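Asks: Make a model of this:
(chains A and B)
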Amino acid sequence: MGHATGTREDWLGARIALLAEEKELTRRSDELARKRKALPWVAVDEEYAFETEEGTKTLAELFDGRDQLLVYHFMFGPTVEGWPDAGCPGCSYTADTLDGAALHLPPRGVTFVAVSRAPLESLEAYKRRMGWRFPWVSAGGSDFNLDFSVFTEEGRRTGAGFNFGTPKHAGEIDLRRDELHGLSAFALEDGVVYHAYSCYDRGTDALNATWQLLDRSPRGRGHDPEGWPLRHDEYPR
Amino acid sequence: MAEHKFGTREEWQAARDELAKLEAEQAERNQEIKQKRLDLPWVPVEKEYEFDTEGGKKTLAELFDGRSQLLAYNIMFGPDYSVGACPGCTSLGDGLDGSLVHLNHRDVTLICFSRAPIERLTAYKQRMGWQFPYVSTYITEFPFDFGLALTEEQAQQIPEVEEMIDNPSDELKDWSVQTGAALKDGLREAPSWIAFARENGTVYHTYTVVAPDPFVRPYFSFLLERTPKAPPAEDRAWRKDEYPD
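Replies: Predicted coordinates for the structure are as follows:
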């Protein structure tokens, strides 16, 4: 069962060949980043109200004086494991890594917030328990999460169409009822809020540093073992 | 004045669907590369190394802390840095603590190395509020053997390094002030990730990745790839407690 071993020269030869492929992947990734930023911006006409630590705010007010907003759609609501005390374990696992990264965004003109359906008191209590610093607001009973998970009339009517209608999870996720996990990007210009980008499911993989670190570990990511990931304070000692 | 396009929801949806296909292709390509990474031969580490840690002197095998995988980031913080570690590496460090417990429960020990003496690393870790183990390579040849640092002679033989020292950009001049290291000393540290495995008592080196690979960037850069606007062209980093207002 041992892994293939080799000399330093064997390794170096294989590593240099792999580096060429990694560089090619980086070039394609840079190209994707450019294409994301070239998506047309769509004006947001709907009025949303969010409950925040500083009272009720509109979507424009969530920008907090900056002109770009990243929203992490965090699953915390009546259909999510842990309700009403805790948010989704998988989202919590991702939020652990977003927390340290998000504090470097405001100086770069980007405001980061997490948005959930759960009431503000639940979010604040769970945030304290987890020790997170990012702002977290409640979309309450509004359609915010639904509106930014499906973008077609049919999707809104039937709840289908998660992750741009990709086959995985098709038919099993009803967005009218289920919470979703994803990232949306908004811009504010001349008082108008625009929606620019959203990604879900595996599209958020790159945002989670732990996945990326596992991908560079000797044994890789593999299949998730039983009972992993858990909320960071729930692992057996 | 706007440099970008505006559109209807239908136009966005069509463009986003196209982009989703490209993102899926990229994910498949990434999957292939991940497999090739796992297929790299493991190279046994035959030399004995000793490190200064917060818990006293430890061997490379002991740094695994009982697990079978060791993943380490080498923060640019050499003995000559009179102010502190590289601000970019420091920002990367800020993104690590959230992964610590999850990786530990996947049999991976996550640490950081730097070449400055352990007292300076421990003080800096305290200032930054970090939790991960921070290990000093001050007393060992390890960083030179594994490409985590260059000797003065090695540095002089690399034209790119010589060029940066002779004709530094404004960002690099500021970086020199931020770290308190002359560029000829400061640029001898290599920002890199390095991975080791331990099996049947033997430690193996498995993987190294160095800048400018995007993985050797602070994690917020992955978020910035998804913002509506292009990030500023200049590549400056600040420590989280030193941002200008």
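Asks: Any stretches of chain A with poor pLDDT?
Replies: The model of chain A has pLDDT under 70 over residues A:1, A:150-153, A:156, A:161-162, A:165-171, A:173, A:175-177.
Asks: Centre of the chain to stretch A:24-38, how far?
Replies: 19 Å (C-alpha atoms, centre = their mean, to the nearest Å).
Asks: That stretch and chain B in contact?
Replies: Yes - under the criterion of C-beta under 8 Å from any C-beta of the partner chain, stretch A:24-38 makes contact with chain B via A:25-26, A:28-29, A:32-33, A:35-38. For every residue, glycine as well, the C-beta is placed using N, CA and C.
Asks: For ChimeraX, what selects the buried ones among the residues you listed?
Replies: Per 16 or more other C-beta atoms under 10 Å in any protein chain shown, the buried members of the residues of stretch A:24-38 next to chain B correspond to this ChimeraX selection:
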select /A:25,29,32,33,36,37
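Asks: Chain B: which of the residues of stretch A:24-38 next to chain B is nearest?
Replies: A:Ala33 (4.2 Å; C-beta to the nearest C-beta).
Asks: In stretch A:120-133, which of the residues would be classed as buried?
Replies: Neighbour count says stretch A:120-133 has A:120, A:122-123, A:126-127, A:130, A:132 buried, by 16+ other C-beta under 10 Å.
Asks: For that stretch, what is the distance to the chain centroid?
Replies: Relative to the chain's own centre, stretch A:120-133 is displaced by 17 Å; criterion: C-alpha atoms, centre = their mean.
Asks: List of residues touching that stretch?
Replies: With contacts defined as C-beta atoms under 8 Å, 6 or more residues apart in numbering or on different chains, stretch A:120-133 is touched by A:51-53, A:76, A:84-87, A:92, A:95-96, A:99, A:102-103, A:114, A:116, A:136-138, A:231-233.
Asks: OK, contacts around A:Asn145?
Replies: Here A:Asn145 is in contact with A:73, A:115-117, A:139, A:179-180 (C-beta under 8 Å, 6+ apart).
Asks: Which of those residues has the largest number of neighbours?
Replies: A:Ser116 (27 neighbours; other C-beta atoms under 10 Å in any protein chain shown).
Asks: does that one really touch A:Trp136, like I thought?
Replies: Yes - A:Ser116 lies in contact with A:Trp136 (C-beta atoms under 8 Å); the separation is 7.0 Å.
Asks: Verify the stated contact: A:Thr111 with A:Arg66.
Replies: Yes - the pair A:Thr111 / A:Arg66 is scored as a contact, 4.8 Å apart, by C-beta under 8 Å.
Asks: Of those two, which one has the most company?
Replies: A:Thr111 (20 against 16).
Asks: mind checking how far that one is from A:Gly141?
Replies: 24 Å (C-beta to C-beta, to the nearest Å).
Asks: Let me see the ranges of the strands in chain A.
Replies: Using DSSP state E, the strands of chain A run over residues A:42-43, A:50-52, A:55-57, A:68-73, A:110-116, A:136-138, A:182-189, A:192-200.
Asks: The third one pairs with which strands, parallel or anti?
Replies: Looking back up the chat, that one is strand A:55-57. strand A:50-52 (antiparallel) (DSSP bridges).
Asks: next one: the longest one
Replies: As defined by DSSP bridges, the strand partners of strand A:192-200 come to strand A:42-43 (antiparallel), strand A:182-189 (antiparallel).
Asks: Same list (the ones you listed) but as TSV, adding mean neighbour count.
Replies: Shown next, in TSV, are those (neighbours: other C-beta atoms under 10 Å in any protein chain shown):
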stretch	mean neighbour count
strand A:42-43	16
strand A:182-189	22
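Asks: Make JSON lines from the contacts of A:Asn145 and add distance to chain B to it.
Replies: Listed next are these as JSON lines, based on distance: C-beta to the nearest C-beta, whole Å:
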{"residue": "A:His73", "distance to chain B": "13"}
{"residue": "A:Val115", "distance to chain B": "15"}
{"residue": "A:Ser116", "distance to chain B": "18"}
{"residue": "A:Arg117", "distance to chain B": "22"}
{"residue": "A:Ala139", "distance to chain B": "19"}
{"residue": "A:Glu179", "distance to chain B": "20"}
{"residue": "A:Leu180", "distance to chain B": "15"}
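Asks: and the two most separated of the residues you listed?
Replies: A:Ala139 and A:Leu180 (11.7 Å; C-beta to C-beta).
Asks: what are the ranges of the strands in chain B?
Replies: Applying DSSP E to chain B gives strands spanning B:43-44, B:50-53, B:56-59, B:69-74, B:108-114, B:134-136, B:192-199, B:202-210.
Asks: if we can go back for a sec, could you pick out the buried ones from the contacts of stretch A:120-133?
Replies: A:51-52, A:76, A:86-87, A:92, A:95-96, A:99, A:102-103, A:114, A:116, A:136-138, A:231-232.
Asks: Let me see the ranges of the helices in chain A.
Replies: Ranges of helices in chain A, per DSSP state H, are A:8-37, A:59-62, A:89-102, A:120-130, A:144-147, A:153-158, A:162-165, A:209-214.
Asks: per-residue confidence for the closest residue to B:Thr59 other than its chain neighbours?
Replies: Nearest residue to B:Thr59, sequence neighbours excluded (C-beta to C-beta, 6 or more residues apart in numbering or on different chains): B:Glu50, at 6.0 Å. According to the prediction, B:Glu50 has pLDDT 98.
Asks: and B:Glu50, how many neighbours does it have?
Replies: 14.
Asks: What of the one 4 residues further on?
Replies: Using other C-beta under 10 Å, B:Glu54 has 13 neighbouring residues.
Asks: Who are the contact partners of it?
Replies: Counting by C-beta under 8 Å, 6+ apart, B:Glu54 makes contact with B:118, B:122, B:133-134.
Asks: top of these by neighbour count?
Replies: Result: B:Tyr134 is most packed of the contacts of B:Glu54 (other C-beta under 10 Å), 23 neighbours.
Asks: Does that residue touch B:Leu121 like I think?
Replies: Yes - shown here, B:Tyr134 and B:Leu121 form a contact pair, counting by C-beta under 8 Å, at 4.7 Å.
Asks: hey, what's in contact with both of the two?
Replies: In contact with both B:Tyr134 and B:Leu121: B:Ser114, using C-beta under 8 Å, 6+ apart.
Asks: OK, contacts around residue 207?
Replies: With no chain named, the answer covers chain A. So A:Leu207 contacts A:94, A:97-98, A:183, B:222-223, B:226 (C-beta under 8 Å, 6+ apart).
Asks: ah, I was thinking of chain B
Replies: Residues near B:Tyr207 by C-beta under 8 Å, 6+ apart: A:15, A:216, A:218, B:37, B:40, B:193-195.
Asks: Bridging across strands, which residues link to it?
Replies: Beta-bridge partners for B:Tyr207, by DSSP bridges, are B:Ala195.
Asks: pLDDT score for it?
Replies: Value for B:Tyr207, per-residue pLDDT: 97.
Asks: Quick check: it vs B:Val161, distance?
Replies: 23 Å.
Asks: what does A:Leu98 give?
Replies: 35 Å.
Asks: Could you do A:Glu189 as well?
Replies: For A:Glu189, the distance to B:Val161 - C-beta to C-beta - is 43 Å.
Asks: Then A:Ala101?
Replies: A:Ala101 is 29 Å from B:Val161, where distance means C-beta to C-beta.
Asks: Alright, I will stop here.
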